[in-house]
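Colleague: coords please:
(chains A and B)
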Amino acid sequence: MKVKIILLLFICLIITGCGNYRELNQIAIITGIGIDKNKDNYEVSVLIANADKNETSPKEGQSEPTVYFGTGNSLTKALKVIERKTPKQLYFGHINVVLISEDVAKDGFLKVADFLLRNPESRKKFYLILARDSKAKDALEIVSPLDAFPSQNIASLMGTNSQTQSITNSVTYSDFIKAILTPGKEGVLPSIKVKGKEKNKDNLNEISPNTYLELTSLAIFKDDKLAGFTTNNESAAINILKNTVKQSIFEVNYNNDIVSITTKNVSSKIKIKSPNKFDIKVTGEARIAEINSNTNLNNKKVIKKIENKLNKKIENQITKVIKNIQQKYQSDIFGFGNLVYQNYPKNFKKIENKWNDVYFPKIEVKVKANTELISTGSIENTIRKEKAK
Amino acid sequence: MVIEKNVQKNIEKIKKIYGYSTDISTRIIKLGKVNVGIIFLESSSAGLTVSDNVIKSINMIDDNKEIFQSVYDNLKNRIFNSQMTTTKDFNKFPYFLSAGFTIVLTDDSDEAIVLETRMPLDRGVTESSSEPILRGPKDSFTESHAKNLGLIRKRIKDENLWFEDITIGRRTKTRVNIGYIKDIASDEEVTYIKDKLKKINIDGILDSGNLREYLISEPSAFPQVQSTERPDLVSSALLNGKIVIFVENSPIALVLPAVFIDFIHTPEDYYQKPLNISITRILRFISLFITLFTPAIYIAITTFDQTVVPNELLISLAIQRESVPFPTAVEIIFLMTIFEILRESDIRMPSNMGTAMSIVGALVLGSAAVDAGIVSPIAVIVVAFTSICSLIFTDIDFMNGIRFWRFIFIISASFFGLIGIALAFIVFILKLASLENFGVSYLAPFSPFNPSAWKDAIVRFSMPKIFKRPSYIKIKNIRKQGEDNES
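Modeller: Coordinates of the predicted model:
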C-alpha cells in the first residue's frame, strides 16, 4: 500500500512536467509592449526590464530600460524577430502596460489582441493605452525622473491619475476585450501623448524634463476600431456615467466669479424606461475647492444656489456628451444597449447589428444630478468675509 | 557468593576482583579479638567522611557486651551515618564501592554494613544554559541524581509523586528513574515504559539521550520525547500527567509523551500574560512556517513560477541574479550548508574563539560572497532569515528535524516548483499525523481535533479559564482546577 502511494505521488510529480524550468537570468522580463503599424506590417517593440548594463556586482542592481524592436505581419512573427536579437528567452508574465498606436487602433484592435490573451504566461491585467499622435515605441522609450523605468512610469501615471483625474480612466487589457465582447456596449481607452522631442537618458538629469508623457482624454472605439477622441470635459462626463472616477473638478459661475468645486464619490445610475428612453441619476458629494470673491458662504441659501448651479452643470455636460457621441461617433460606450439587452433580450437580438448606427443615436436620455455640497473646506467663509468680521 | 566470616579473606577477594587497582583502600581495626575491616574506593568515596564518621565511630565504640551479642551488632547500631544498609551478597560489593559507599566487615558476621560516603563529584545547581528564559525560575538539573529529584520534590510536595528506580547497563549500572504522579498519570503507560526500559540490555548508558531511541517505535526527524534541563518544565509536565525519566549523571530529563506543539511552547509561556504570550506563540508558528518554506518558495518562484511575484520584486530579483553563475537551487543549498557548518563549528568551538568565528562567518556569508558575485544578496537574505527563524526553537532535535524537512522542501522545489512544495507538504503532514507514541497522536490537539485542548495550543487562555489538563494525554484525572463536581 505504502509503495503504491509513493508511486502515485511520484507519478503526480512527473506528469506536471518540469518543462518550464528557467532561471531568472535566462529570461528577459518584458514590462511594456508597443505595437505600431507600418503599412501591412506590425512593428512591435518590447521593453525589457532586467538588463544590467553596468556589469558590476549585483549589489548596485539598477535596472536599465532596453527596448528591442521587430517587424512582422503578425505579433508572433515580430516577436520571433525580437527573439533573434535577444540572448534571453522572452517572458510575458509581468507586462505592466501595452501601448497601441492610432494606426493599429484604426485598423482594428482585435487583429493584434489574440497573442497576449492566448499566452498562458501573460496576466491580462496590464493597462492598455493608446499612444496619441506618436509611435507607441516612442512613448515606451520616455524616461521620467520620478520613476526611472518607462513602463512603470506609465503604469503609475495611469494608476494614480485614474483616481484623481476625471479626464482619464484606467482600462486593463481584459477589461477592454470584455467591453468589445459585451453586447450593446463599446470600449474606450485612455490615451497618452509624448510632449517634447528628445528622448534620451539626459532627461533624468534635467530639472524640468525636456520630454514627458501626459495623459490626455479618452479614445472612443466603435467595435474594435478607433472612432475618435473626446475633449477633456466630455471625458469627465463619460467617467461619471461609467462610474470610473472618484474625484473631479467642476467650475461654476456665481456672482460673476468662478467657484471651483471638487466632487467626491460621484456615482450614476442608468434606469431603462423603454428601449429608447433612459433616466440617469447622478448622486455624490461636493466640496468647495477655491473661491476668490466675497460671497457669503455662511448663508445657506447661497450654498444651495451654488449646489443647484453645480447640478445644472453636471446635467448639461452629461446631456451634451451623450448627444455629441450619438451624433458624431454612433458608438454606445455607455452601455445603454446592454441595458436593453438585459431587459428586452429578444428585441435586442433583432436589432443588435444596427444598434450603434440606427437605434443608439435616437435614444432619449433624461439626466438628473443630485450632488450635495457638504463642505467648504478647511475654512468656512471666503477670505474677504472672514476679514470683514 | 556469600561473605565469609573472615575479614582478611574478604579484603583479599575484593582486591583481586578489582585487579589490585590503586584506588582501593582497606583498613583493619582490631576491636578486642574481632577484626573490623573497612573497604572503600578513594576515587569515589570522600576520605574525610570515612575517617570522620566511620573510623572515628569504630574507635570510640566500647565493648558493650551486655547489650550487643556481637561486635557486628554493636557497630550496626552505633556507627555514625545517616544512610546505612546491610547486605549478605558479596556480588553487590563492587556496585557499592564504585558508587562511593564504604563497606564495613567484621569477623563475627556474614553480613556487611554499607555506609554512604560519596564524594561530591557534581557541580552545583546553575542557570540553564541551553534553555534560558527571562521570567521564571533559573535553576536547572545537574549531573547529580539526588539533586535532580530534589529539584522536583521541592516543587511538588505531594506524596503521590512517585519515583521508581531501574538499573540499566551491564557495566555502568546506571540508575534510571521514572517519575510520575500516581493519581494523574495512567498506570498502563507507566508499566509500558517500565517494560520497555527493563528490556534494554546494553553494557552502558551514559546520558538520557541514549535511552530515547529505545523508547520510540517509529523513526522520524522530529523528536517524540522532550528533553529538558528545566525543573519547572518537568514539574508542569508531571502535573499534566506526563511521565519523566531521569538518568543518573545526566542533566537532561526526558518527558514523554511529547507532541509537536510541546516544542513550540516554552515553560515561560505560563509565567507571562496570556494575551502577550498568545501573540508570541503566533509569531513562533509564523517563524516555523518561514523557516520550513522560505528557501523552497524562493527557489520555486524564481525558477518555475515567476508569475506569482509582483512586478517590481521580480525585476529586482532578476537584476540581483544577473551575474550569479550558479542555478538558484545550488546557490541556496550552498549557503544553507555554510550556515549549518558555521552553527556546528560554533557549538564545538571553545567560546573564547567564538568572536573570530562570527566575524569570519559574517564576512564569508555576507558581503564577501555577494561582492565576489558568487551568490546574490537576496539569497543571503533568504538564508539568514530562515536561519534566524529556526533559532527560535530551543530543542536541538526539533531544530534539526526542521532542517531535515527544509532540505526536502528545497529539493522538491528545485525539481518541481510550487507543485513540488505542495506535494512535499502533503507528505510532511501525512508523516507527522501518522506518528504516534504512547497512544498520543503527534499532531494533537489539531489532529485528532480536540477543541478543549485548544485553550492552550496556538493561543493561551488565562489560567483561571483552563480547568482541565490536556485530554489527548492518557490520564486518570482530567481536572486540574476547581472541584470535580463543578461543570
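Colleague: Which residues of the stretch 101-250 of chain A lie near chain B?
Modeller: Residues of the stretch 101-250 of chain A found near chain B (Cβ under 8 Å from any Cβ of the partner chain) are A:121, A:123, A:149, A:152. C-beta here means a position set from N, CA and C on the backbone, and glycine is covered the same way.
Colleague: tell me the phi and psi of the nearest residue to residue B:217 once chain neighbours are set aside?
Modeller: Nearest residue to residue B:217, sequence neighbours excluded (Cβ to Cβ, 6 or more residues apart in numbering or on different chains): residue B:437, at 6.9 Å. Main-chain torsions, residue B:437, degrees, to the nearest 10: phi -130, psi 140.
Colleague: what's around residue B:437, how many residues?
Modeller: Per other Cβ atoms under 10 Å in any protein chain shown, the neighbour tally for residue B:437 reads 18.
Colleague: what pairs with it across the strands?
Modeller: residue B:440 (DSSP bridges).
Colleague: That one and residue B:257 touch, don't they?
Modeller: Yes: using Cβ atoms under 8 Å as the test, residue B:437 is close enough to residue B:257 to be in contact (5.1 Å).
Colleague: tell me, what's touching these two both at once?
Modeller: B:224-225 (Cβ atoms under 8 Å, 6 or more residues apart in numbering or on different chains).
Colleague: does residue A:220 belong to a helix or a strand, and which?
Modeller: Using DSSP states H and E, residue A:220 sits within strand A:212-222.
Colleague: next helix or strand past that strand?
Modeller: Counting by DSSP H and E, the next helix or strand C-terminal to strand A:212-222 is strand A:225-229.
Colleague: strands paired with that following strand, and their directions?
Modeller: Strand A:225-229 pairs in its sheet with strand A:212-222 (antiparallel), by DSSP bridges.
Colleague: Buried ones in the strand it pairs with, by neighbour count?
Modeller: A:212-213, A:215-222 (16 or more other Cβ atoms under 10 Å in any protein chain shown).
Colleague: one step back: please give me every residue in contact with the residue nearest to residue B:217.
Modeller: By Cβ under 8 Å, 6+ apart, the neighbours of residue B:437 are B:215-218, B:224-225, B:256-258.
Colleague: how does it look with 10 Å?
Modeller: By Cβ atoms under 10 Å, 6 or more residues apart in numbering or on different chains, the contact list for residue B:437 reads B:215-218, B:220, B:224-225, B:256-259.
Colleague: just the buried members of these?
Modeller: Counted by 16+ other Cβ under 10 Å, the contacts of residue B:437 give B:215-216, B:224-225, B:256-259 as buried.
Colleague: Using a markdown table, lay out those residues together with pLDDT and secondary structure.
Modeller: Below are the buried ones among the contacts of residue B:437 laid out as a markdown table (pLDDT from 0 to 100; DSSP: H, G, I helix; E, B strand; the rest coil):
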| residue | pLDDT | secondary structure |
| --- | --- | --- |
| B:215 | 87 | helix |
| B:216 | 83 | coil |
| B:224 | 90 | coil |
| B:225 | 91 | coil |
| B:256 | 86 | strand |
| B:257 | 88 | coil |
| B:258 | 90 | coil |
| B:259 | 91 | coil |
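Colleague: okay if I get the residues you listed as TSV plus distance to chain A?
Modeller: Listed next are the buried ones among the contacts of residue B:437 as TSV, based on distance: Cβ to the nearest Cβ, whole Å:
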residue	distance to chain A
B:215	24
B:216	19
B:224	20
B:225	25
B:256	26
B:257	24
B:258	25
B:259	24
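Colleague: Tell me the secondary structure of the residue in the stretch 101-250 of chain A that chain B sits nearest to, please.
Modeller: Taking Cβ to the nearest Cβ as the measure, the stretch 101-250 of chain A has residue A:121 as its residue closest to chain B, at 6.4 Å. Assigned by DSSP: H, G, I helix; E, B strand; the rest coil, the conformation of residue A:121 is coil.
Colleague: Kindly report the same for the one 10 residues further on.
Modeller: In three-state terms, and counting by three-state DSSP, residue A:131 is strand.
Colleague: which residues does it bridge with?
Modeller: residue A:101, residue A:192.
Colleague: I'd like the distance from it to residue A:356, if you could.
Modeller: Per Cβ to Cβ, to the nearest Å, residue A:131 is found 25 Å from residue A:356.
Colleague: Please identify which of those two sits among more neighbours.
Modeller: More crowded of residue A:131 and residue A:356, by other Cβ under 10 Å: residue A:131, with 27 against 21.
Colleague: Just the pLDDT for the more buried one.
Modeller: As predicted, residue A:131 sits at a pLDDT of 92.
Colleague: That one: what's it in contact with?
Modeller: So residue A:131 contacts A:34-36, A:99-105, A:137-140, A:154, A:191-194, A:213 (Cβ under 10 Å, 6+ apart).
Colleague: Among the residues you listed, name the buried ones.
Modeller: Applying 16+ other Cβ under 10 Å to these, the neighbour count classes A:34-36, A:99-105, A:137-140, A:154, A:191-194, A:213 as buried.
Colleague: Would you mark the buried spots in the helix ranked longest in chain B?
Modeller: Determined from DSSP state H, the single longest helix within chain B is helix B:396-434. The neighbour-count check on helix B:396-434 (16+ other Cβ under 10 Å) flags B:397-399, B:401-403, B:405-421, B:423-425, B:428, B:432-433 as buried.
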